[in-house]
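S.K.: Below are the sequence and a predicted model; questions follow.
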Amino acid sequence: MNSLESLPLKNQKVLVRLDLNVPIQDGNITDDNRILAVKPTLDSLIQKGAKIIILSHLGRVKTEEDKAKNSLKPVALRLSEVMNQPVTFIPETRGEVLEKAIDALNPGELLMVENTRYEDADGKKESGNDLELAKYWASLADVFVNDAFGTLHRAHASNVGIASLMTHKAPGLLIQKELDVFNEALKNPKRPFVAILGGAKVSDKIGVIKNLLSIADKVIVAGGMSYTFLKAQGYEIGTSLVEDDKLDLATSLMEEAEGKLEFAVDYKLTKAFDNNADIRIADYDDFKPDEMGLDIGPKSLEKFKAILKEANQVIWNGPVGVFEMSNFAKGTEGICEALASLDHATTIIGGGDSAAAAIQMGFKDSFTHISTGGGASLEFLEGKTLPGLKALE
Ligand code: AMP
């Protein structure tokens, strides 16, 4: 793969695919981390005299009506503040207005194209990797830089399509940083290496559990998916989240694990999926048939902290409880605190819900790395080859 430094950039039209899919409420951006994260790549392109054409997706666009609430215009405004220079926003994904604006670009100037997923409203052209669309976008520029880590696991026209058609191409600095962190952690782990896997479903994380069992020294399984493992061992789990068709799989994973798997020893139980419901803390073998587990209990947190204290490298993906409800956020917060206090260990937070939880709980600057991609970081942890990356080779 080429590096950004090796590309011809001076006076060149450079298409840059970014992941600027930020949460927007009533026109206001509520979390601009993804915008801040691409500044180094844009700074580098500006400094090298590139004419910069930005592509990004935002939300999901299935119909004409979805377009208005998914315009990238507020993102262009915020980006111009972050970059401290104007960003020309073109409210189209193709056409004469866009082409003329690109022709008028001077070196170091920034232009942003409207949401690439507008092309999905009329038959999934962007997410279906439509060749004609990819050819059109590729024709607008001389060079392609992909810095959208969060979409590397997808084969869409704006990443895989364009990359497959262009000769001068490379990942941006954000993707490079994410790759360096994950490759080093998985290929040359600092030991003891502890993985913490939480989140809702075993089925989403089977590949990750298997791959990490082969690399890590301990794998802590918690959150919604841990009840399937409890039930597989014959324990009562009441009305907790469970995937009955994954019980055999859970059993075989526990057999394969050779003692590396670690589970919670107590849970916060309720009779309703409600923040205000009465809470009972009970051991793993003491669930009543009408109770559900929504967080780990204090003994589990102490157990996990003791394991983490010994670690020199931790990768965490998925909350250990329903952190969106304050009464069931303590476990996830406790894991954040435990990781933040590990001075000498490498601490990596996968994207998605665990990253959102860590940032929301005030731990944004407390770890070695918080990934900007949920699905992409999961597929990386599974050991998969990501299509967006392969297309850059
Ligand atoms: P995932 O996207 O698979 O990482 O799952 C994240 C979701 O898992 C979050 O919305 C959590 O609320 C949810 N979750 C974590 N623990 C539990 C639990 N014990 N019961 C139900 N959902 C849970």
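M.R.: That came through fine. Numbering: from 1, shown residues only.
S.K.: so what's V221 up against?
M.R.: 197-198, 209, 229, 261-263 (CB atoms under 8 Å, 6 or more residues apart in numbering). Glycine gets a C-beta too; all of them are placed from N, C-alpha and C.
S.K.: Of all pairs in those residues, which one spans the longest distance?
M.R.: G198 and L261 (13.5 Å; CB to CB).
S.K.: So for the two, which sits in the more crowded spot?
M.R.: Neighbours per residue, other CB atoms under 10 Å: of G198 and L261, the larger number sits with G198, 26 against 20.
S.K.: Outline the domain layout of the chain.
M.R.: With domains defined by automatic domain parsing, the chain comprises 4-176, 189-382.
S.K.: which of the contacts of V221 are close to the ligand?
M.R.: G198 (CB under 6 Å from any ligand atom).
S.K.: In strands only, show me the contacts of V221.
M.R.: 197, 261-262 (DSSP state E).
S.K.: What is the nearest of the residues you listed to the ligand?
M.R.: Ranked by distance to the ligand (CB to the nearest ligand atom), the ones in strands among the contacts of V221 are led by L197 at 8.8 Å.
S.K.: What residues does this structure have near the ligand?
M.R.: 198-201, 204, 223-224, 241, 293-294, 318-319, 321-322, 324, 352-353.
S.K.: What subset of those residues is buried?
M.R.: The neighbour-count test (16 or more other CB atoms under 10 Å) applied to these identifies 198-200, 223-224, 241, 293-294, 318-319, 321-322, 352-353 as buried.
S.K.: Next, check the residues you listed against the helices and list the overlap.
M.R.: D353 (DSSP state H).
S.K.: And the buried ones among the residues of the chain next to the ligand, which is closest to the ligand?
M.R.: G199 (2.6 Å).
S.K.: Surely T368 touches F182?
M.R.: No: using CB atoms under 8 Å, T368 is not in contact with F182, being 11.6 Å away.
S.K.: more crowded one of those two?
M.R.: Neighbour count, other CB under 10 Å: between T368 and F182, F182 has more, with 20 against 15.
S.K.: Ends of stretch 38-54, what's the gap?
M.R.: 11 Å (CA to CA, to the nearest Å).
S.K.: Look up how far H369 lies from K177.
M.R.: K177 is 8 Å from H369, where distance means CB to CB, to the nearest Å.
S.K.: For burial, what's the neighbour tally of A121?
M.R.: 18.
S.K.: correction: L133
M.R.: 21.
S.K.: can you list the residues that contact the helix or strand encompassing it?
M.R.: L133 belongs to helix 131-139 when assigned by DSSP states H and E. The contact list for helix 131-139 (CB under 8 Å, 6+ apart) reads 15, 55, 94, 119, 125-126, 144, 157-158, 161-162, 164-166.
S.K.: For that helix, give the mean pLDDT please.
M.R.: For helix 131-139, the mean pLDDT works out to 98.
S.K.: I'd like the distance from that helix to the chain centre, please.
M.R.: Remark: helix 131-139 is offset 27 Å from the chain centroid, using CA atoms, centre = their mean, to the nearest Å.
S.K.: buried set for it?
M.R.: Within helix 131-139, the residues that count as buried by 16+ other CB under 10 Å are 133-134, 136-138.
S.K.: Isn't L261 up against D217?
M.R.: No: counting by CB under 8 Å, L261 sits too far from D217 to count as a contact (11.5 Å).
S.K.: where do the contact lists of these two overlap?
M.R.: The contact lists of L261 and D217 share no entry, where a contact means CB under 8 Å, 6+ apart.
S.K.: Let me see the contact set for the nearest residue in space to T63 that is not next to it in sequence.
M.R.: What sits nearest to T63 in space, not counting adjacent residues and going by CB to CB, 6 or more residues apart in numbering, is A121, at 5.9 Å. Shown in contact with A121 (CB under 8 Å, 6+ apart): 61-64, 66-67.
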